[in-house]
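A.B. asks: Below is the sequence, then the predicted model.
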Amino acid sequence: MAAIQMKNIVKTYGDGFPAVNDVSIDVDDGEFVILVGPSGCGKSTLLRMIVGLEDITSGDMLIGGERVNDKAPRERNLSMVFQNYALYPHLSVYENIAFPLRLSKSFSEEEIDAKVREASKTLELDEHLQRKPGNLSGGQRQRVAMGRAIVRDAQAFLFDEPLSNLDAKLRGQMRTEISRLQKRLGITTVYVTHDQTEAMTLGDRVAVLRRGILQQLAPPRELYEQPVNLFVAGFIGSPPMNFMPATVKGDKVELPFATVDLPEHVRDGRIPEDTLLIAGIRPEYFEDASVMDAGKAADGATFRATIDVVEWLGNEAFGYIPYEAPPEVEAQLEELARELDSEALRTQIIVALDSASRIRDGEEAELHVDSRRMHLFEPGSGDNLTLRTVADDERSAVA
Amino acid sequence: MKRARVNAGILIGAALLLIWCLLPIVWIASLSFKPVEETATGSPQFLPKTWTWDNFSSVFQNDDFQRALINSFGISIIATVLSVALATLCAYAIARLQFRGKRLVLTIALAIAMFPVVSLIGPLFDLWRTLGLFDTWPGLVIPYMSFTLPLAIWTLTAFFREIPWEMEQAAQVDGATSWQAFRKVIVPLAAPGVFTAAILTFFFAWNDFVFGISLTSTTNARPVPAQLAFFVGPDQFNPPVSTLAAAAVMVTIPVIIIVLLFQRKIVAGLTAGAVKG
């Protein structure tokens, strides 16, 4: 086991395109770090540079304090689970798991057998040991690939979108399984995914990448509550954060449908007044005013809006409110949607309602918005202007 | 009703095709069991009147034929092994590595494969005599290789391209050197391709007549198909048809055995299940 340090890692391809640009991430010993981002953001390239399948253009890669830039993959003692599992089809499950041990030549036949049996027991593969990968189901193949990774005392585990080929139900199970396994083995892990559920649930820390540049490296909760910019805010969360034009006037923020209070910690004039900003409010900060607790109503504002579609899911309901955005904001939002691999057909607000809500399609309803946790972004750079600083936290602690 | 008619049609068609293909072979087989006198008569019947093994035993006892058989096996096997080994390495490089002139190598290989054999015989004859390769095993192995290599390279390149690259990368991460990854993962996966290439190469060498007759002068290196041309019985004007037929049957047997042995290997899609789906 070892820590992995990436220092100013750059990967430039032949055409001069930087797939990974100046990324520095320290993965502590035993930590579970997720690399996440839309397709083409360089997350897989970064992982392949850690394992040594991709050359590093510049920067330093340290594993266990040792610089490994020029080392071949086999000298790095890392184990990796590939997206398509890359099992050896001509070998049985047993031999697949034993493969790395046989290559190392430092184990006797009995030791190999003991280690393979232990790994297969952990992953419940005992009854499949003599079968060929071709006869296994997707989930079983996935487990064999994990078995091959854990059988050896590697310095770290690397996962390259290991669950993306499984169906939704199995994915959920395997996700829990990976999390449990990693906690039990306590081994340093770097995990690449584009699935934000995996990113949020598995990682101790999550690194969000965009076009080869590291946007934010933080624990999932911080990423969700304190996104540093528009990109991270839009990427993390499902359904995504609502973005809308906003103008600050004094302590008030004018939104398309209501005027709300500015969050307390930024009422010191750090937000420019009378300029067009983008407000970000998560769907769950909205609520149907008729079913919510009276106590909560004080924090925020109520407004009336027509909800054109309601999706009732049992535990909650999503309502959609279309609105017209000014062209400056719309262009920015469209670009953001493109980068997040989604298609913004119209500007709309998604609100998460209590499942007790009786609002129907096309009805005008009274909604409440909790503006304390609203974010304001600068439209040009996308920076979050309402980010809490250490000073803010101290002040609110005193108050 | 209609279905039965379609089935009957298929059966008849298949039967016709089989008769068309197998008739000459059956005719040769039948000839090989006839005594010499029967073949010399004006209008021989299809099946032998009296069955005999004499032709086979006389062919086998013929020293020249024995020599030729050894030559044929030796030369074909050497050419096959060398050609497949070289083609495997070459195809792997073409499938995996990026280098200048990759397309050129493939194009030239294809051009060589298409080159008419007969046009090379004359120059080769002169060249081999000067170099002392005339009437030797290497003198036949080299031309066989040069004609089978391109074919083997093309076949194997296609096979290697189908093997997912992750397979090899996984092996490297698991601690294999490039050579170990190639030997323990890639070669076993390419085995059906290697067998296909080997069989094609072997058949080319085994069946060749033109090189065999032109580049040899004695039983030193003369392969069986060429040797057959030198079978003359006691009477020059009555070729020993039945003996020739027996020799031809014997030459065909290894080919049939090889096809039966390896067809499973070729068909077996070993890569099934390597990656998902």
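C.D. replies: Received the coordinates, thanks.
A.B. asks: the helices in the chain, which residues?
C.D. replies: Chain wasn't specified; assuming chain A. Ranges of helices in chain A, per DSSP state H, are A:43-51, A:73-76, A:93-104, A:109-122, A:138-150, A:168-185, A:196-202, A:220-225, A:230-235, A:327-339, A:390-398.
A.B. asks: I was thinking of chain B, sorry if that wasn't clear
C.D. replies: Counting by DSSP H, the helices of chain B are B:2-32, B:36-40, B:54-61, B:63-96, B:102-114, B:118-131, B:137-162, B:165-173, B:178-181, B:187-207, B:210-214, B:224-228, B:241-267.
A.B. asks: if you average pLDDT over the shortest one, what comes out?
C.D. replies: Spelled out, it's helix B:178-181. Over the span of helix B:178-181, the pLDDT mean works out to 88.
A.B. asks: tell me which residues in it are buried?
C.D. replies: Buried residues in helix B:178-181, counted by 16 or more other Cβ atoms under 10 Å in any protein chain shown: B:Ala181. From N, CA and C alone the C-beta is placed, and that goes for glycine too.
A.B. asks: How about the last one?
C.D. replies: Of the residues in helix B:241-267, those with enough neighbours to count as buried (16+ other Cβ under 10 Å) are B:241-251, B:254, B:258, B:262, B:266.
A.B. asks: Output the contacting helices and strands for that helix.
C.D. replies: helix B:2-32, helix B:36-40, helix B:54-61, helix B:63-96, helix B:187-207, helix B:224-228 (3 or more Cβ pairs under 8 Å, 6 or more residues apart in numbering or on different chains; DSSP states H and E).
A.B. asks: try it again with 7 Å
C.D. replies: Applying 3 or more Cβ pairs under 7 Å, 6 or more residues apart in numbering or on different chains; DSSP states H and E, one finds that helix B:241-267 contacts helix B:2-32, helix B:36-40, helix B:54-61, helix B:187-207, helix B:224-228.
A.B. asks: Residue 135: how many residues sit nearby?
C.D. replies: I went with chain A, as the question did not name one. 12 (other Cβ atoms under 10 Å in any protein chain shown).
A.B. asks: Chain B is the one I meant
C.D. replies: For B:Asp135, the neighbour count with other Cβ under 10 Å is 17.
A.B. asks: same check, this time on B:Pro35
C.D. replies: Counted with other Cβ under 10 Å, B:Pro35 comes out at 15.
A.B. asks: Could you do A:Arg360 as well?
C.D. replies: Neighbour tally, A:Arg360, other Cβ under 10 Å: 11.
A.B. asks: cool, and the one 5 residues further on?
C.D. replies: Burial of A:Ala365 is recorded as 21 neighbouring residues (other Cβ under 10 Å).
A.B. asks: That one and A:Leu353 touch, don't they?
C.D. replies: No - contact criterion Cβ atoms under 7 Å: A:Ala365 and A:Leu353 do not qualify, at 8.8 Å.
A.B. asks: right, and the helices of chain A - which one's nearest A:Leu276?
C.D. replies: A:Leu276 lies closest to helix A:327-339 among the helices of chain A, at 6.1 Å (Cβ to Cβ).
A.B. asks: Now do the same for the closest residue to A:Ala145 other than its chain neighbours: its pLDDT.
C.D. replies: Nearest residue to A:Ala145, sequence neighbours excluded (Cβ to Cβ, 6 or more residues apart in numbering or on different chains): A:Tyr85, at 4.2 Å. pLDDT for A:Tyr85: 87.
A.B. asks: ok, now A:Ala145?
C.D. replies: With respect to pLDDT, A:Ala145 has a value of 91.
A.B. asks: count of residues packed around B:Val117?
C.D. replies: B:Val117 has 14 nearby residues by other Cβ under 10 Å.
A.B. asks: Also A:Gly295?
C.D. replies: A:Gly295, neighbours per other Cβ under 10 Å, totals 7.
A.B. asks: What separation do you get for it and A:His368?
C.D. replies: From A:Gly295 across to A:His368, the span is 12 Å (Cβ to Cβ, to the nearest Å).
A.B. asks: which residues of chain A score low on pLDDT?
C.D. replies: For chain A, the stretches with pLDDT under 70 are A:1, A:341-345, A:394-399.
A.B. asks: Of all the residues in it, which one is nearest chain B?
C.D. replies: Of all residues in chain A, A:Gly134 sits closest to chain B, at 2.3 Å by Cβ to the nearest Cβ.
A.B. asks: Help me confirm that that residue comes into contact with A:Pro89.
C.D. replies: Yes - using Cβ under 7 Å, A:Gly134 is in contact with A:Pro89, at 5.7 Å.
A.B. asks: ok, so what distance separates the residue in the stretch 1-150 of chain B that chain A sits nearest to from B:Cys90?
C.D. replies: Residue of the stretch 1-150 of chain B nearest chain A, by Cβ to the nearest Cβ: B:Gln98 (9.8 Å). Using Cβ to Cβ, B:Gln98 is found at 15 Å from B:Cys90.
A.B. asks: higher neighbour count, those two?
C.D. replies: B:Cys90 (18 against 6).
A.B. asks: Distance check, the more buried one against B:Ala4.
C.D. replies: B:Cys90 sits at a distance of 53 Å from B:Ala4 (criterion: Cβ to Cβ).
A.B. asks: just A:Arg171 next, same as before
C.D. replies: Distance from A:Arg171 to B:Ala4, by Cβ to Cβ: 51 Å.
A.B. asks: of the two, who's got more company?
C.D. replies: Neighbours were counted for A:Arg171 and for B:Ala4 using other Cβ under 10 Å; A:Arg171 has more, 18 against 8.
A.B. asks: In this model A:Ser164 seems to touch the more buried one, though I could be wrong.
C.D. replies: No - the pair A:Arg171 / A:Ser164 is not scored as a contact, 8.1 Å apart, by Cβ under 7 Å.
A.B. asks: related to what we said a few turns ago, and the helices of chain B as CSV, adding distance to A:Thr45?
C.D. replies: Supplementary listing: those in CSV, determined by distance: least, Cβ to Cβ, whole Å:
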stretch, distance to A:Thr45
helix B:2-32, 55
helix B:36-40, 75
helix B:54-61, 67
helix B:63-96, 19
helix B:102-114, 24
helix B:118-131, 50
helix B:137-162, 23
helix B:165-173, 14
helix B:178-181, 21
helix B:187-207, 26
helix B:210-214, 52
helix B:224-228, 57
helix B:241-267, 38
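A.B. asks: Can you flag the weakest of those by average pLDDT?
C.D. replies: Looking at these, the bottom one is helix B:36-40 with a mean of 76.
A.B. asks: what's it packed up against?
C.D. replies: helix B:241-267.
A.B. asks: try 10 Å
C.D. replies: helix B:2-32, helix B:54-61, helix B:241-267 (3 or more Cβ pairs under 10 Å, 6 or more residues apart in numbering or on different chains; DSSP states H and E).
A.B. asks: A:Glu110: which of these is closest?
C.D. replies: helix B:241-267 (34.1 Å).
A.B. asks: angle of that closest one against helix B:54-61?
C.D. replies: Between the axis of helix B:241-267 and that of helix B:54-61 there is an angle of 80 degrees, by axes from the mean of the first three to the mean of the last three Cα atoms, to 10 degrees.
A.B. asks: Just give me how far helix B:241-267 sits from the chain centre.
C.D. replies: 10 Å (Cα atoms, centre = their mean, to the nearest Å).
A.B. asks: Write out the residues of the stretch 101-250 of chain B neighbouring chain A.
C.D. replies: For the stretch 101-250 of chain B, the contact set with chain A under Cβ under 10 Å from any Cβ of the partner chain comprises B:163-178, B:180-181, B:184-185, B:187-189, B:191.
A.B. asks: All set, thanks.
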